[in-house]
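[1] heads up, no residue letters with this:
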């Protein structure tokens, strides 16, 4: 048990900024929050007077964007261009002298000009991007080199957050300024997933997470972090898309014949567009990019950008919101960034300075189950331009592309076992934030202090379902668990799911012996010792796992019985199921519709079936990217949609019902990523 008073910590670190983040302000009704249904597509034009770049006007004229991002100086021409097309504006200017490469007076001059510009143009949205790539990846924010972290994770958190207070007090002053005293919102581009919480905590109102670039993490786990952080702080969120690829030392560019010269393929960036949009992003921002050839014709990236803008801004602007019923809860101070790229594969957190704890191994193993292959992001497995250690040579990569080589096999993206429909939140979440989830899985080291214990109990009493394990609780939690924790620790290598008698061969694992009170066993060892129990607590349920962090003794694998539990909980609440080979998917819902986005990140066509419960008469089933009707059948209250997705493509299938009603999970086999068993409908069992 750790005693933690988070609000006091934040107030001492950030002063009034923390209060503004953690409590509603007088202007709370004016500030767009997480439930905002707006979507904006920003294009950055870098450099002084970027608004005079002919490409900016051309992209607006072509309907390719409804937002523009510029650097200083702030001039009337920025707003005049944006106003003509109803586009929003982002000013990319660090709110501190060193990273802005100007004086505090120079920053304030530009800020005042931007505020005046916003006041003069109230019909369009203005955002000050005062924290661009702020979180210590390198560069001007850490001119003396990135701080090194040691000691506890809380020590690391304090060192990280106080760095900005001590080094950039003017930035903290800007973050403290109440929203109702300015005519713009505050935005950040964050590089590392765990720092999204701290961006909101510091006072940011729109956090974008930079993705695609190989040196940072993958999109799927990134969305889980930033969307969870935005829900936790009731703010808007988005994806900042970089076409730069360090592996070939270029941003996305094409020769006059449309052959890729460097960066990422148009297909790769296209899938990031649609997945971010379906994932619920309020904003996608393209970093500065080339959209056209010298003669003005759109290059392949420009064409997919135009097609996506037409889709998201005009043809299908309302695809509802992602159906997120499950959250993984992590320690607020964890510093855990999912593995990616060549130099980010160590078993360590806080910029890989602090070695994994047993709980960190659990979180890593859990993410490997939820997002298979996410750790390959940025790598080029099997590439002819990589050395024996897998490191690509930039010159050879460029030569490969110049010779007409296809880069797409060397742009790995993950599958999703439970879809891109999971949020990652922290144990500083409020009761209001927790109330949005049906299931919360305690993932890794999650200290249960008095504040959080009270919130958790109230949430379960009100109908929530929590999953915890023996390494996360103590004797004071026994009434919640419905059992007594015994001193004995045992070892086993098999597990059994009692509902159907399925037996699993497991790696060697250790578990805590328990004696049951009100709880019942739903999984056991072969000898009959409880492995997973279920306890009714008020209107909710507590699932408790006796194995240490639900992983092998070697800490290299999440236990199959733990995966079976999470499969069953996902199946209990899933609106749709994906039957076929592993694929990345997202399920969205809006009144009378269920919309399923499938991203085929493989080299062969994907064929399969989408199933869902019939929630009224089926009015139509269509595929949105091509706007064609899709074959389907209805039998026994189940809608079955035949789905095909070409290689390296994305498709979005929408089922429209006559009347919206409460939907039940559909029976059948779910997406079988890494699974080797059929998962029946566990609705009755879990009810």
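    Great, that's in hand. Keep in mind that what you see is a predicted model, and the values were worked out from it rather than measured. Numbering: from 1, shown residues only.

[2] When you work out contacts or count neighbours from here on, use the C-alpha atoms and nothing else.
    Fine.

[3] Now for the protein, the helix or strand with the poorest mean pLDDT.
    Lowest on mean pLDDT, DSSP states H and E among the helices and strands of the chain sits helix 683-686, with a mean of 30.

[4] Need the contact partners of stretch 339-359.
    148-151, 153, 156, 214-218, 334-337, 361, 374-379, 391, 443-445, 549, 555 (Cα atoms under 8 Å, 6 or more residues apart in numbering).

[5] Of those, grab the buried ones for ChimeraX.
    Listed next is the ChimeraX selection for buried residues among those, using 16 or more other Cα atoms under 10 Å:
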select :149,153,156,214,215,216,217,218,334,335,336,337,361,374,375,376,377,378,379,391,443,444,445,549,555
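
[6] Would you confirm that residue 336 contacts residue 194?
    Yes: contact status for residue 336 versus residue 194: in contact at 6.1 Å, counting by Cα atoms under 8 Å.

[7] give me phi/psi at residue 585?
    Backbone torsions for residue 585, taken as degrees, to the nearest 10, come to phi -150, psi 160.

[8] Let me fix that, I meant to ask about residue 330.
    phi -120, psi 170.

[9] Residue 447 is in contact with that one, correct?
    No: between residue 330 and residue 447 there is no contact, the gap being 9.0 Å when judged by Cα under 8 Å.

[10] Show me which of those two is the more surrounded one.
    Counting neighbours by other Cα atoms under 10 Å for residue 330 and for residue 447 shows that residue 330 has the greater number, 25 against 19.

[11] Give me the pLDDT value at that one.
    The score at residue 330 is 98. That number is its pLDDT.

[12] Which residues are in contact with it?
    Residue 330 touches 424, 425, 426, 427, 442, 443, 444, 445, 446, counting by Cα under 8 Å, 6+ apart.

[13] got the contact list for the last one?
    Residues in contact with residue 446 (Cα under 8 Å, 6+ apart) are 329, 330, 331, 427, 472.

[14] Also the first one?
    Contact criterion Cα under 8 Å, 6+ apart gives 224, 225, 226, 227, 228, 229, 327, 328, 329, 330 as the residues in contact with residue 424.

[15] about what we covered before: just the contacts of residue 446: which are in helices?
    Among those, none falls in helices (DSSP state H).

[16] export the contacts of residue 330 to CSV and tack on secondary structure, distance to residue 466 and pLDDT?
    Rendered in CSV, the data for the contacts of residue 330 read as follows (DSSP: H, G, I helix; E, B strand; the rest coil; distance: Cα to Cα, whole Å; pLDDT from 0 to 100):
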residue, secondary structure, distance to residue 466, pLDDT
424, strand, 14, 98
425, strand, 14, 98
426, strand, 14, 98
427, coil, 13, 97
442, strand, 7, 98
443, coil, 11, 98
444, coil, 14, 97
445, coil, 15, 97
446, coil, 13, 96
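
[17] want to throw these into CSV with distance to residue 200?
    What follows is these, written out as CSV (distance: Cα to Cα, whole Å):
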residue, distance to residue 200
424, 15
425, 13
426, 13
427, 15
442, 22
443, 22
444, 23
445, 22
446, 20
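
[18] Between the contacts of residue 446, which sits nearest residue 103?
    Using Cα to Cα, residue 331 comes nearest to residue 103 of the contacts of residue 446, at 37.6 Å.

[19] Strands of the stretch 351-500 of the chain, start to end?
    Here the stretch 351-500 of the chain has its strands, by DSSP state E, counting those that start in this stretch, at 354-355, 422-426, 439-442, 465-469, 483-497.

[20] Let me see the residues that make contact with the last one.
    The list of residues contacting strand 483-497 from outside it, by Cα under 8 Å, 6+ apart, reads 474-475, 478, 502-519, 522-526, 531, 561.

[21] how does it look with 6 Å?
    With contacts defined as Cα atoms under 6 Å, 6 or more residues apart in numbering, strand 483-497 is touched by 478, 502-517, 523-525.

[22] now the fourth one
    Judged by Cα under 6 Å, 6+ apart, the contacts made with strand 465-469 from elsewhere in the structure are 439, 440, 441, 442, 540, 541, 542, 543, 544, 545, 546, 549.

[23] who does the first one bridge with?
    For residue 439, the beta-bridge partners are residue 326, residue 465 (DSSP bridges).

[24] Roughly how far does it sit from residue 595?
    Residue 439 is 22 Å from residue 595, where distance means Cα to Cα, to the nearest Å.

[25] before we move on, what about the second one?
    Distance, residue 440 to residue 595, using Cα to Cα: 24 Å.

[26] Residue 475 now?
    Using Cα to Cα, residue 475 is found at 45 Å from residue 595.

[27] neighbour count winner among those two?
    Remark: of residue 475 and residue 595, residue 595 carries more neighbours, 27 against 11, as counted by other Cα under 10 Å.

[28] show me what contacts that one?
    The contact partners of residue 595, by Cα under 6 Å, 6+ apart, come to 587, 588, 653, 654.

[29] Checking it next. Helix, strand or coil?
    strand (DSSP: H, G, I helix; E, B strand; the rest coil).

[30] Just give the nearest non-adjacent residue to it, would you?
    residue 654 (4.3 Å; Cα to Cα, 6 or more residues apart in numbering).

[31] again, but for residue 267
    In this structure, residue 267 finds its nearest non-sequential neighbour in residue 648, 6.5 Å apart by Cα to Cα, 6+ apart.

[32] What confidence value was assigned to the one you found?
    pLDDT, residue 648: 98.
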